[in-house]
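K.L.:
please work out how this folds:
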Amino acid sequence: MIQEGEFASGFLPSERELCEELDISRGTLRAIYRNLEDEKLIRRIPGRGMKVLSIFERVEQHKILLVLPSKGIRATEIASILQGAATAAEEENAELVLFFQDKNADCSRLAARIHETPWDGVVFVEDFPHAIIKTLDAAKCRYCIANYEEGEKLPACRVDFRAVGRVAGGYLVKKGFKRIGFIGGGAKCFHYHEMLAGLKGALAEEDLRVEEGFVFNFEKDDDAKNCAVIAKALEGHVGERIAFFAGRDHWARPLYRACRSLSLGIPDDVAVIGYDGLSWEEAAVNGLSTIMQPALETGAAAVHAICNGDATLTADDTVLLPPGQLIERNSVEKRSDLP
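P.N.:
Have a look, this model is predicted:
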């Protein structure tokens, strides 16, 4: 009767009416309901009855909880990851439900949210509250961390940071630089450590070494103080050809400021290439060449991993994404085709 389209209203008649028409008991009818629900032909709508599902509603839909940090958000980066996740969700016929949770905050609300719904999985964006692991295991809920920047082995989708450093180093060597430094955000930060290792590897292939006096690992994003440190290091090397790789575009800001204070030009006196294409709004205006962060691809990869992975995801399921596109502007060499 359902397949022949007899219920144009979209809802089945009342139990009493169906029992009379089919000459069966209510117990038998309810057993039939359970079978039809399992076959995705009907769904119980509280207060209204049994709804007959359309052919589109019968397609199985994944349900994914997307957990975003509410503090310390880099808006452009998070928005790009979210856009990639949304595109992948549409491709996978998945519903994304947003939830905001800070890494070090109480996880009781998040735990309750995970338990109350049969999720296909949870995608954490960047921050991962370790306190939630027991809840995920108890609920047998798979999870993945998009753009994870820590060294701990967990199921994640992230950029191959070491490969980013190799790309930057190879590019600067190709442009003729032999004295190359690095600017990052903390020696203990996994992703900066990996980028520096990749940079060193690329230079070693050409029998070159990173200039230790030009390796800066700043703990705080304080342009004034960081500018002073860089300027002091550059003072005795005016007239020498030096290049830098900035592990994030915004770490190039204090270098630009330091060069202006010393009347040094970029790229005439000092060259620099960054990474991400997201963290410094004025990067393009200042002509900063950069390796784009594949933020869209990272968000998409996390959703695909949830929808297509096994029942559980392990640290061995980590997806490493290659560096994004190299955008050449005017910070390594002047280009006549750019303003």
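K.L.:
could you pull up the residues touching the residue lying closest to Asn330 once chain neighbours are set aside?
P.N.:
For Asn330, ignoring the flanking residues on the chain, the nearest one in space by C-beta to C-beta, 6 or more residues apart in numbering is Gly287 at 3.5 Å. Where you see a C-beta, it was placed from the backbone N, CA and C, and this is true even at glycine. By C-beta atoms under 8 Å, 6 or more residues apart in numbering, Gly287 lies in contact with 266, 329-331, 338.
K.L.:
only whichever of those residues are buried, select them in PyMOL.
P.N.:
Selecting only the buried entries of those in PyMOL, with 16 or more other C-beta atoms under 10 Å as the criterion:
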select buried, resi 266+329+330+331
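K.L.:
so which of the contacts of Gly287 is the closest to Glu206?
P.N.:
If you rank these by distance to Glu206 using C-beta to C-beta, Ser331 comes first, at 21.1 Å.
K.L.:
which residues does that closest one contact?
P.N.:
Residues in contact with Ser331 (C-beta under 8 Å, 6+ apart) are 252, 266-267, 271-274, 286-289.
K.L.:
likewise for Leu199?
P.N.:
Contacts of Leu199 by C-beta under 8 Å, 6+ apart are 165-166, 168-169, 180, 182, 210, 245.
K.L.:
before we move on, back to that, could you look up the SS state of the residue nearest to Asn330?
P.N.:
Here Gly287 is coil, with the state taken from DSSP: H, G, I helix; E, B strand; the rest coil.
K.L.:
got it, and the one 10 residues further on?
P.N.:
Glu297 carries the three-state label helix when classified by three-state DSSP.
K.L.:
next one: phi and psi at the residue nearest to it when sequence neighbours are not counted?
P.N.:
Spatially, and ignoring its direct neighbours in sequence, Glu297 is nearest to Leu321 (5.6 Å; C-beta to C-beta, 6+ apart). With angles defined as degrees, to the nearest 10, Leu321 sits at phi -100, psi 140.
K.L.:
ok so, going back, quick check, nearest of the contacts of Ser331 to Glu39?
P.N.:
Of the contacts of Ser331, the one sitting nearest to Glu39 (C-beta to C-beta) turns out to be Gly274, at 54.5 Å.
K.L.:
next, count neighbours for Gly84.
P.N.:
Residues near Gly84, counting by other C-beta atoms under 10 Å, number 22.
K.L.:
now swap in the one 3 residues further on and tell me
P.N.:
Around Thr87 sit 15 other residues, with neighbours defined as other C-beta under 10 Å.
K.L.:
which strand or helix spans the closest residue to Val167 other than its chain neighbours?
P.N.:
Nearest residue to Val167, sequence neighbours excluded (C-beta to C-beta, 6+ apart): Pro323, at 5.0 Å. Counting by DSSP states H and E, no helix or strand carries Pro323.
K.L.:
hmm, Gly181 and Glu211 touching each other?
P.N.:
Yes: with contacts counted by C-beta atoms under 8 Å, Glu211 reaches Gly181, the gap being 5.0 Å.
K.L.:
give the other helices and strands that the lowest-mean-pLDDT helix or strand in the chain contacts.
P.N.:
In the chain, no helix or strand scores lower on mean pLDDT, DSSP states H and E than strand 42-45, which sits at a mean of 80. Judged by 3 or more C-beta pairs under 8 Å, 6 or more residues apart in numbering; DSSP states H and E, the packing partners of strand 42-45 are helix 26-38, strand 49-52.
K.L.:
neighbouring strands - and their directions - for that strand?
P.N.:
Sheet pairing for strand 42-45, assigned by DSSP bridges, gives strand 49-52 (antiparallel).
K.L.:
now whichever helix or strand comes after the partner strand: mean pLDDT?
P.N.:
Going down the chain from strand 49-52, the next helix or strand is strand 62-68, by DSSP H and E. Strand 62-68 carries an average pLDDT of 93.
K.L.:
show me what strand 62-68 is in contact with.
P.N.:
Contacts to strand 62-68, defined as C-beta under 8 Å, 6+ apart, come from residues 78, 82, 85, 89, 92-101, 110, 113-114, 117-125, 303, 306-307.
K.L.:
starting at the chain centroid, how far to the helix or strand following that strand?
P.N.:
Per DSSP H and E, strand 62-68 leads on to helix 75-91 as the next helix or strand towards the C-terminus. Offset of helix 75-91 from its chain centre (C-alpha atoms, centre = their mean, to the nearest Å): 8 Å.
K.L.:
quick thing: my sequence starts at 31, can you match it?
P.N.:
Shifting the count to begin at 31 puts that one at helix 105-121.
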